[in-house]
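[1] Test case, fold it:
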Amino acid sequence: MNRKTRSGDWLEQKFLTWQMEVGKKQTIRQLAAYLGVNENLLARWLRGQMVPRDDNVVKIANKLGAEYYDVLGWTRPEIKENNIKDK
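    Predicted structure coming up:
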């Protein structure tokens, strides 16, 4: 299975999970709005025709799960903790 197919399958599963969490059937347009991505691009990603670019991967991972990096074979970004000092 290639990366485009894995990505599309993962996104499709997450789309179904998101619909269950919302509690009703949603459209690709609604998922695109939730993710902050272009609807036409999302449709192509779901069909496995292409893989999102870096900025859209970050948006998807932030909303649907960091395991998306694993699906794509990417290294997950490190989360830097804020150093808050008491004054």
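
[2] how far does stretch 62-80 sit from the chain's center?
    9 Å (Cα atoms, centre = their mean, to the nearest Å).

[3] Would you mark the buried spots in it?
    Neighbour-count burial for stretch 62-80 flags L64, Y68, Y69, V71, L72 (criterion: 16 or more other Cβ atoms under 10 Å). (Each C-beta comes from the backbone N, C-alpha and C, glycine too.)

[4] Would you mind pulling the contact partners of it?
    Stretch 62-80 has contacts (Cβ atoms under 8 Å, 6 or more residues apart in numbering) with 3, 6-7, 10-11, 14, 18, 34-35, 51, 57-58, 60-61.

[5] out of those, which one sits closest to Q26?
    Checking the contacts of stretch 62-80 against Q26 with Cβ to Cβ, the nearest one is W18 at 6.9 Å.

[6] burial of that closest one, as a residue count?
    For W18, the count of nearby residues is 16 (other Cβ atoms under 10 Å).

[7] got it, and M20?
    10.

[8] so which strand or helix has the most centrally placed residue in the chain?
    Among the residues of the chain, I60 comes closest to the average C-alpha position under Cα atoms, centre = their mean, at 2.4 Å. If you go by DSSP states H and E, I60 is part of helix 54-64.

[9] what mean pLDDT would you report for that helix?
    When pLDDT is averaged along helix 54-64, the result is 96.

[10] Stretch 73-87 too?
    Mean pLDDT, computed over stretch 73-87, is 71.

[11] same check, this time on stretch 35-48
    Here the average pLDDT along stretch 35-48 is 97.
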